[in-house]
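Novice: Just a sequence and a predicted model for now, questions to come.
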Amino acid sequence: MPSPIILFLCVGTIANVLVSAQITRALMVRGYRIPGFVLGLSASVIFLGLGQFFIAQDYRSFFSENGHCGTCCELCGLTFWFWWFFWGIGFVIHLVLSAGYAKQFLNIPQRSMPKRLKIYFTGGIFCAIFCITGTSWARDYLELSNVRSNIFEVENSILTGDINNIGSIMLPQSMQDWAFGNTDEVKKIQISSNRKWFSLQYDDRLEVWQMPDIVLKKTFYSDSVFWWNSPNAFSPDGSRLAVWLHGDILVYSMANDSINLLWKIEGKNYYIADLGFSMDGHELVLVNQKQGYHIDVFNADSGDFVYTVTMPAQNGFSQNKLSYDSKYVITGNDQVVQIYERHSGRLIYELEQVQSGAFLPNNDILFWNCDQANGKVWDMETGNERPFEIDYGCQSPLESIAFSSDSRLFIYADLHDMLVWDLQNEKQVSHVFMQSAISEIAVTPDRQIIIIATADGRLNFLANLESSN
């Protein structure tokens, strides 16, 4: 049996021609040649808008069980192209039929439109406009309003009960991207410590949003194909944002609900693996891999250079990340993980045969092997290791994890499943299944809201809305 989309493309095109032609003929035979043509064209435009809406509603079927894929997006884009192509054929047929009707009924005197027909004429124009823009706008507005109201109601911690999806929004997308098969997947989500801002990083841009209104405030675009690996960071108090853009370093002020440039370092002398602020917010620390491997430190208030620490060569290491307070650097690949003190460049810890490792906000490190159902939490201060039994799996990348700011919650995604673990009590506290594959997750510092980006181009908000006792 043909898919619903194929049936819609065929039936919708035929219905488009029949309805528009019938309206045009019925009016022209009564002497309303121009109104007949325009109202028939309006009906055709209505079909175009409804077709785009229904195709967009069914776009999830174009994404595989394994998440976002270029081929699936190409199929979705081709579907839109086919719909426009078939509608174009229908439009040409409408023009030919309208010309034929006008010639056929040329002997019928042209009549002025009665008041009722003028109302229908005006209504048809407005319906055509609404079907193109109104349907998607109304849906997006209702979804955004629902998310905003639910966020304002959140008072409970994720640990206090079951968490559920409290709403989602469709992220801004370009029809051109869909048409040419470009994947538009969120690669990284960061939330400021004051829960006032969050950023979404894609392959080609960085978006900065404001909470709790969920408003897009600024978009940074890059001409670099390595943008997905370009870091950005909020200051500890959430008042500033540091961005690596086009090889330059930029720091922005986030005060008074606006984003303003504070200072900028030009020259394209940086290839940044990671950047972050010191805990007091006075220093900006860069893991710079341009002409060697070293740590560059700048005054975060003025942009003045402070000092550089040369690090050992890390050829072949796929991971170079700062700790949350920028005191340490973790480097590694699928064979070894090393921890360095960034002030001196001193190696303080090395672990072999560990495939993945990540800093917790308290500077402890969570290590795990994806081919085994176990891991360990390493205490940075004491050097003690605590085994952690967890079936993480090998299908989720390192970036698809998140920690709460107090290092108690470990959240990770495995395709459509998101699991929340209590590292303190070593137990699973929540499990959520998403209809579309999860591409990235983050949790607010107060442990109240989880933000999930999914492969269908949506941003989902999860929380516990149960009444507090």
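Specialist: All right, it came through fine.
Novice: which regions of the stretch 201-350 of the chain sit below the pLDDT cut-off?
Specialist: 222-229, 267-269, 313-318, 334 (pLDDT under 70).
Novice: That one: helices as residue ranges?
Specialist: Counting by DSSP state H, counting those that start in this stretch, no segments of the stretch 201-350 of the chain form helices.
Novice: Lys103: how many residues sit nearby?
Specialist: By other C-beta atoms under 10 Å, 10 other residues sit near Lys103. Placement of C-beta: from N, CA and C, glycine included.
Novice: Quick check: it vs Arg33, distance?
Specialist: 10 Å (C-beta to C-beta, to the nearest Å).
Novice: swap in Ser258?
Specialist: 55 Å.
Novice: the more surrounded of the two?
Specialist: Between Ser258 and Arg33, counted using other C-beta under 10 Å, Arg33 has the larger neighbour count: 20 against 11.
Novice: Against Phe47, how distant is the more buried one?
Specialist: For Arg33 relative to Phe47 (C-beta to C-beta), the value is 22 Å.
Novice: Quick check: Pro35 touching Leu27?
Specialist: Yes - with contacts counted by C-beta atoms under 8 Å, Pro35 reaches Leu27, the gap being 5.7 Å.
Novice: neighbour count winner among these two?
Specialist: Leu27 (25 against 22).
Novice: For that one, report the pLDDT, please.
Specialist: pLDDT, Leu27: 81.
Novice: Thought Ala21 was touching Ala43, still the case?
Specialist: No - Ala43 lies out of contact with Ala21 (C-beta under 8 Å); the separation is 9.3 Å.
Novice: how about low-confidence regions in the stretch 1-150 of the chain?
Specialist: Looking at the stretch 1-150 of the chain by pLDDT under 70, you get 1-6, 8, 53, 56-78, 113, 117-118, 121, 124-125, 128-139.
Novice: how about the helices of it, start to end?
Specialist: Using DSSP H, counting those that start in this stretch, helices in the stretch 1-150 of the chain cover 4-28, 33-57, 70-104, 115-129, 135-153.
Novice: Make JSON lines out of those helices and add distance to Leu216.
Specialist: Formatted as JSON lines, the helices of the stretch 1-150 of the chain follow (distance: least, C-beta to C-beta, whole Å):
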{"stretch": "helix 4-28", "distance to Leu216": "30"}
{"stretch": "helix 33-57", "distance to Leu216": "20"}
{"stretch": "helix 70-104", "distance to Leu216": "22"}
{"stretch": "helix 115-129", "distance to Leu216": "25"}
{"stretch": "helix 135-153", "distance to Leu216": "11"}
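Novice: So which of these is the most surrounded?
Specialist: helix 33-57 (a mean of 20; mean count of other C-beta atoms under 10 Å).
Novice: so where's the stretch 351-469 of the chain shaky on pLDDT?
Specialist: For the stretch 351-469 of the chain, counting by pLDDT under 70, the residues that fall below are 353-357, 368-375, 389-399, 467-469.
Novice: And the strands in it?
Specialist: Assigned by DSSP state E, counting those that start in this stretch, the strands in the stretch 351-469 of the chain fall at 356-359, 365-369, 374-378, 385-388, 401-403, 409-414, 417-422, 427-433, 438-443, 449-454, 458-463.
Novice: List the contacts of the closest residue to Gln448 other than its chain neighbours.
Specialist: With sequence-adjacent residues excluded and distances taken as C-beta to C-beta, 6 or more residues apart in numbering, Gln448 is closest to Val154, at 5.0 Å. Going by C-beta atoms under 8 Å, 6 or more residues apart in numbering, Val154 touches 166, 448-449, 463-465.
Novice: Repeat that for Ser400.
Specialist: Ser400 sits in contact with 412-413, 438-441, where contact means C-beta under 8 Å, 6+ apart.
Novice: about what we covered before: quick one, which of the strands of the stretch 351-469 of the chain is nearest to Val96?
Specialist: strand 458-463 (41.6 Å; C-beta to C-beta).
Novice: Against which helices or strands is the closest one packed?
Specialist: helix 135-153, strand 164-170, strand 449-454 (3 or more C-beta pairs under 8 Å, 6 or more residues apart in numbering; DSSP states H and E).
Novice: Columns distance to Ala273 on top of the ones you listed, output as CSV?
Specialist: Below are the helices and strands packed on strand 458-463 laid out as CSV (distance: least, C-beta to C-beta, whole Å):
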stretch, distance to Ala273
helix 135-153, 34
strand 164-170, 31
strand 449-454, 23
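Novice: between the ones you listed, which gets nearest to Asp301?
Specialist: strand 449-454 (29.8 Å).
Novice: How far off centre is the closest one?
Specialist: 9 Å (C-alpha atoms, centre = their mean, to the nearest Å).
Novice: and the angle for it with strand 409-414?
Specialist: 20 degrees (axes from the mean of the first three to the mean of the last three C-alpha atoms, to 10 degrees).
Novice: Each with direction, which strands does strand 449-454 pair with?
Specialist: Applying DSSP bridges, strand 449-454 is found paired with strand 438-443 (antiparallel), strand 458-463 (antiparallel).
Novice: Now tabulate the ones you listed in CSV and tack on mean neighbour count and distance to Trp81.
Specialist: Compiled in CSV, these are given as follows (neighbours: other C-beta atoms under 10 Å; distance: least, C-beta to C-beta, whole Å):
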stretch, mean neighbour count, distance to Trp81
strand 438-443, 23, 25
strand 458-463, 22, 23
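Novice: Dump the ones you listed to TSV, plus distance to Phe91.
Specialist: Supplementary listing: those in TSV, determined by distance: least, C-beta to C-beta, whole Å:
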stretch	distance to Phe91
strand 438-443	38
strand 458-463	32
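Novice: most remote residue from this protein's center?
Specialist: Asn107 (59.7 Å; C-alpha atoms, centre = their mean).
Novice: Grab the nearest non-local neighbour of Leu144.
Specialist: Nearest to Leu144 is Ile169, by C-beta to C-beta, 6+ apart, at 5.5 Å.
Novice: Apologies, that question was intended for Trp263.
Specialist: Gly303 (3.6 Å).
Novice: Quick check: phi and psi at that neighbour.
Specialist: The phi/psi pair for Gly303 (degrees, to the nearest 10) reads phi 90, psi 10.
Novice: I'd assumed Val251 was in contact with it.
Specialist: Yes - counting by C-beta under 8 Å, Gly303 does reach Val251; the two are 6.8 Å apart.
Novice: Which neighbours do the two have in common?
Specialist: 262-264.
Novice: can I get those residues in a markdown table with neighbour count?
Specialist: Listed next are the shared contacts of Gly303 and Val251 as a markdown table, based on neighbours: other C-beta atoms under 10 Å:
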| residue | neighbour count |
| --- | --- |
| Leu262 | 16 |
| Trp263 | 17 |
| Lys264 | 13 |
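Novice: Among those, which one sits closest to Tyr270?
Specialist: The closest of those, once distances to Tyr270 are taken by C-beta to C-beta, is Lys264, at 12.0 Å.
Novice: Let me see the contact set for that closest one.
Specialist: With C-beta under 8 Å, 6+ apart, Lys264 has these contacts: 248-251, 303.
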